[in-house]
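**Q** I'll drop the sequence and a predicted model, then ask my questions.
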Amino acid sequence: MPSMSAWKLLETIDNGHWHSLENLAEKLKVSIENAAQTVMSLSECGVVAYDEVAGKTKLSPWVLSFHNRGDGEEHKVAVCSIILPPKGCVSIQSVLISNFTQDALEIGVRIDKKLKEISISKVKKPKNPFSSEAPPQPRSTF
């Protein structure tokens with residue numbers, strides 16, 4: 001069976017309701033395992049909610065709010081920050097953003113009806129204050 005793109009899955013679940021993996025796999029003509037793998041990746045990015053026990057998924061509320069925003073509403077600018085894990089991807093207004101690095105990236109987005117600005121920065125891992133590693137000792141040069 002062919003692999004599934006995240007974009008096709010997101011288009012299929014764009015109504016905000018829960019969808020079973022079996023139903024998604026059937027609609028998208030992929031294996032349940034492939035559908036589950038894509039859903040888990042999107043869930044790690046926070047793009048979808050995933051109930052592993054029930055085997056169901058739906059769009060996260062923040063994604064749904066972007067999707068349901070109508071042209072008749074008052075003019076608003078949306079600004080958000082997304083942490084994109086290594087090898088992860090996210091689609092915003094038909095723009096696919098992929099992280100091909102080994103590091104998590106922070107994606108800053110500004111949307112004014114259409115995607116206007118994207119900024120990308122590397123997420124620095126905080127130092128663990130409980131680490132057993134001793135701090136480096138200064139060396140004497142006697």
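**A** Perfect, thanks for sending it. Since the model is a prediction, treat every value here as computed from it, not as a measurement. Numbers count the residues shown, from 1 in each chain.

**Q** Name the SS class of His17, please.
**A** Classification of His17 by DSSP: H, G, I helix; E, B strand; the rest coil places it in coil.

**Q** ugh, wrong one, I meant Lys116
**A** Using three-state DSSP, the structure places Lys116 in strand.

**Q** Secondary structure element holding the closest residue to it other than its chain neighbours?
**A** Counting by C-beta to C-beta, 6 or more residues apart in numbering, Lys116 lies nearest to Arg110, which is 5.1 Å off, once chain neighbours are set aside. From N, CA and C alone the C-beta is placed, and that goes for glycine too. Element membership for Arg110, per DSSP states H and E: strand 105-112.

**Q** strands paired with that strand, and their directions?
**A** strand 78-84 (antiparallel), strand 114-122 (antiparallel) (DSSP bridges).

**Q** domains of this structure?
**A** 6-61, 72-122 (automatic domain parsing).

**Q** and among the ones you listed, the most buried is which?
**A** Sort the domains of the chain by mean neighbour count, taking mean count of other C-beta atoms under 10 Å, and domain 6-61 sits at the top with a mean of 17.

**Q** Perfect, I'm done here.
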